[in-house]
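S.K.: Any chance you could fold what I've pasted below:
(one chain, ligands or ions: 2)
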Amino acid sequence: MNKGFKDAVVYQIYPKSFMDANGDGMGDLQGVISRLDYLKELGIDVIWLNPCYKNSGVDGGYDISDYQAIAPELGTMEDFDELLAQAHSRGIRIVMDLVVNHTSTEHAWFVESRKSKDNPKRGFYVWRPPFEGKEPNQERSIFSGPAWEKDEATGEYYLHMFAKEQADLNWENEAVRREVYKMMRWWFDKGIDGFRMDVIDMISKPAAVLRADGGPHRSSAHGPREHEFLREMNREVLSHYDAFTVGESGSVSVTQALEYANLDGSELNMMFQFEHVEHDAGKDTKWSTGPMDLVKLKHIFERWQNGLHGRAWNSLYWDNHDQPRAVSHFGCDREEYRVRSAKMIAACLHMMEGTPYIYQGEELGMTNYPFTDISQSRDVEAINAWNELVVEQKKFTPEYMMACIRYKGRDNARTPMQWTAGENAGFTTGTPWMCVNPNHTAINAESQVGDPDSVFSFYQKLIRLRKTHPVIVHGDFTLLMPEDRQVFAYTRQYEGKTLLVACNFSCEDAALDELAETRGEMLAANYDEPGDKALLRPWEVRVTLV
Ligand code: TEU
Ligand code: CA
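M.R.: Ligands and ions are numbered 1, 2, ... in the order given. Purely as a prediction, here's the structure:
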């Protein structure tokens, strides 16, 4: 088990959109190598690399057809080895994405599995006969439509919780688990430092999901053998390496996280939970147009901070490749407030207990993209949802769905990284695979690195603070002014020190109550003038040490 996970700051790279080194319009591993010094300067310790394995191009690399090959569009295994060596020589660890709930239907295992009912690989996936001539049950795919797809070769259905090109592996089959563990060991032996585990809560399916009885749609996560499988994986693989591990779960509760991320080291270091990023989801789907609800958000953080303190470990993130841009979602991306609010939300998150994750471009205050038409979307989730909710069911008007996509769509995070004010934001010399945000002329790395007032410099400072003040890593958490609709304020306490964090999540001045009033030494702020100790200006943050 990994010893350094509590002190680390992680930077997430979506390789397709990070940096293109060969001018074909798509980011690649050589591009990542070329920017390692930038990451070193930022001060991060770990890179989480989104999938860069061979895939079938349906879901941004989450449809893997070969776990032990690099996607040719991203480079070669030699490039990967070079990236690993170059990162390590700078003291940066590399965490890979482990996607073992499903494989691409182009994976050799599935190609075999679908051939016949008695194929040796049949049991690698979840096959069921039809129920009354239709799908085995009413389970729904997270990417719209039924979770079952009929395969003509045998007339049976296979389970796919995501796109129909992503077939779910059958973890009940011991041979599947052995293959997965073998593959994981292969990567660790190569020298990687850990795994971010994609939808790891879904590897064990609840019995109802597996029954061919026509039954209703239920939650497809946290099946009865979930912890048994993770403990086995830990015994067989993780415990033999200094492995940094984070498990993704869209539905994990605080109570469940205590088991997944127990500090006894028997399962994972920490979980990615979704409650805060989905606090403003729509009624039956994730789609909504907001607005965010600060009181609700604060209570979610309070529950996670207090629930896991001393018993498990939190991950801290505002955004990733599945989420809208942090400043657009939780701050204010209007130009007058963008820089200030990007700094404020950064401090609000980074001063909590847990391991912070910075998603590429967040450290520049990159914003959502002004999508106007579904043809601009590249994401299978948005396109399928459009077809279902707008075209088939007519539940959403086209205008409303576009507004939802602008607010929540995953493509917001996948537009190319903004390096310069020049053509294609300096991301590529070719034609970018996905539209570049026109605001790269104002928001880019070149203009921010070295500018003491930039969002980038503020992130550098937050990372330095974490490395200087143990209270940021270990302190307990107390929420102040819990029902206030503008202010998010809290304290952290550790060995006689108190860290006081006060944030204004609004465009108006906000009064602080006595406990939240500014006092002590100012560690970070986003206004130059100190201001009134009992009043926060729009989007102001003050971090002080008492
Ligand atoms: O995401 C899992 C997951 O729950 C997401 O589908 C999430 O609900 C959705 O993106 C929110 O809009 C992981 C990966 O992070 C995602 O990119 C993949 O598409 C998915 O698994 C399938 O592998
Ligand atoms: Ca390229």
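
S.K.: where does the stretch 201-350 of the chain dip in pLDDT?
M.R.: For the stretch 201-350 of the chain, no stretch is flagged by pLDDT under 70.

S.K.: Residue numbers of it in contact with ligand 1?
M.R.: Counting by C-beta under 6 Å from any ligand atom, the residues of the stretch 201-350 of the chain close to ligand 1 are Gly250, Lys286, His321, Asp322. Using the backbone N, CA and C atoms, a C-beta is placed for each residue, glycine as well.

S.K.: Among those residues, pick out the one closest to Gln493, please.
M.R.: Gly250 (32.0 Å; C-beta to C-beta).

S.K.: Is the closest one in contact with Ala221, as I believe?
M.R.: Yes. If you go by C-beta atoms under 8 Å, Gly250 and Ala221 touch, sitting 7.3 Å apart.

S.K.: what about these two, which has more around it?
M.R.: A direct count of neighbours by other C-beta atoms under 10 Å for Gly250 and Ala221 places Ala221 higher, at 22 against 19.

S.K.: Can I take it that that one is in a strand?
M.R.: No. Judged by DSSP: H, G, I helix; E, B strand; the rest coil, Ala221 forms no part of a strand; its state is coil.

S.K.: Isn't it up against Val209?
M.R.: No. Assessed by C-beta under 8 Å, Ala221 is found out of contact with Val209, at 9.4 Å.

S.K.: A strand includes Lys54, no?
M.R.: Yes. According to three-state DSSP, Lys54 belongs to a strand.

S.K.: OK, contacts around it?
M.R.: By C-beta atoms under 8 Å, 6 or more residues apart in numbering, the contact set of Lys54 is Ile64, Ser65, Asp66, Ala69, Ile70, Ala71, Pro72.

S.K.: go with 6 Å
M.R.: Applying C-beta atoms under 6 Å, 6 or more residues apart in numbering to Lys54 gives the contacts Ser65, Asp66, Ala69, Ala71.

S.K.: quick check, nearest of those to ligand 1?
M.R.: Within the contacts of Lys54, the smallest distance to ligand 1 is 13.5 Å, found for Ser65 (C-beta to the nearest ligand atom).

S.K.: ok so, going back, now go through the contacts of Lys54 and say which are in strands.
M.R.: The strands, defined by DSSP state E, take in Ser65, Asp66, Ala69 from the contacts of Lys54.

S.K.: just the buried members of those residues?
M.R.: Ser65 (16 or more other C-beta atoms under 10 Å).

S.K.: Same list (the ones in strands among the contacts of Lys54) but as CSV, adding distance to Ala510.
M.R.: Formatted as CSV, the ones in strands among the contacts of Lys54 follow (distance: C-beta to C-beta, whole Å):
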residue, distance to Ala510
Ser65, 52
Asp66, 53
Ala69, 53
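
S.K.: picking up where we left off before, now the contacts of Lys54 as TSV including distance to Phe143 and pLDDT?
M.R.: Formatted as TSV, the contacts of Lys54 follow (distance: C-beta to C-beta, whole Å; pLDDT from 0 to 100):
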residue	distance to Phe143	pLDDT
Ser65	18	98
Asp66	22	98
Ala69	25	98
Ala71	21	98
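
S.K.: what's the closest of these to ligand 2?
M.R.: Lowest distance from ligand 2 to the contacts of Lys54 (C-beta to the ion) belongs to Ala71, with 10.6 Å.

S.K.: quick one, what contacts the closest one?
M.R.: Contacts for Ala71 (C-beta under 6 Å, 6+ apart) come out as Cys52, Lys54, Asn55.

S.K.: try 8 Å this time
M.R.: By C-beta under 8 Å, 6+ apart, Ala71 lies in contact with Cys52, Tyr53, Lys54, Asn55, Gly61.

S.K.: of those residues, closest to Gln460?
M.R.: For the contacts of Ala71, the nearest to Gln460 is Cys52 (26.7 Å; C-beta to C-beta).

S.K.: for that closest one, what are its contacts?
M.R.: Residues in contact with Cys52 (C-beta under 8 Å, 6+ apart) are Pro15, Leu29, Gly61, Ile70, Ala71, Leu74, Gly75, Phe80, Met96.

S.K.: Ala153 contacts Lys117, doesn't it?
M.R.: No. With contact defined as C-beta under 8 Å, Ala153 does not reach Lys117; the gap is 9.3 Å.

S.K.: wait, what's in contact with Cys404?
M.R.: Contacts of Cys404 by C-beta under 8 Å, 6+ apart are Gly282, Trp287, Ser288, Thr289, Phe396.

S.K.: Going through those residues, which ones are buried?
M.R.: Buried members of the contacts of Cys404, counted by 16+ other C-beta under 10 Å: Trp287, Ser288, Phe396.

S.K.: quick one on the thing from earlier: turn the contacts of Cys404 into TSV, columns for distance to Phe195.
M.R.: Shown next, in TSV, are the contacts of Cys404 (distance: C-beta to C-beta, whole Å):
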residue	distance to Phe195
Gly282	31
Trp287	30
Ser288	31
Thr289	35
Phe396	36
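
S.K.: Give the burial count for the residue lying closest to Phe131 once chain neighbours are set aside, as a bare number.
M.R.: Closest residue to Phe131 apart from its sequence neighbours, by C-beta to C-beta, 6 or more residues apart in numbering: Gly214 at 4.3 Å. By the measure other C-beta under 10 Å, the count of residues near Gly214 is 13.

S.K.: For the stretch 251-400 of the chain, just list every one of the helices.
M.R.: 254-260, 294-308, 326-330, 335-350, 380-385, 398-408 (DSSP state H, counting those that start in this stretch).

S.K.: Could you tell me how far the residue nearest to the spatial centre of the chain is located from Trp48?
M.R.: Central residue of the chain (C-alpha atoms, centre = their mean): Asn320, 3.9 Å from the mean position. Asn320 sits 9 Å away from Trp48, taking C-beta to C-beta, to the nearest Å as the criterion.

S.K.: cool, Lys190 as well?
M.R.: Counting by C-beta to C-beta, the gap from Lys190 to Trp48 is 17 Å.

S.K.: okay, those two: which has more neighbours?
M.R.: Between Lys190 and Trp48, Trp48 has the larger neighbour count (other C-beta under 10 Å), namely 23 against 14.

S.K.: what's the helix or strand hosting the more buried one packed up against?
M.R.: Using DSSP states H and E, Trp48 sits within strand 46-49. Applying 3 or more C-beta pairs under 8 Å, 6 or more residues apart in numbering; DSSP states H and E, one finds that strand 46-49 contacts strand 10-13, strand 93-98.
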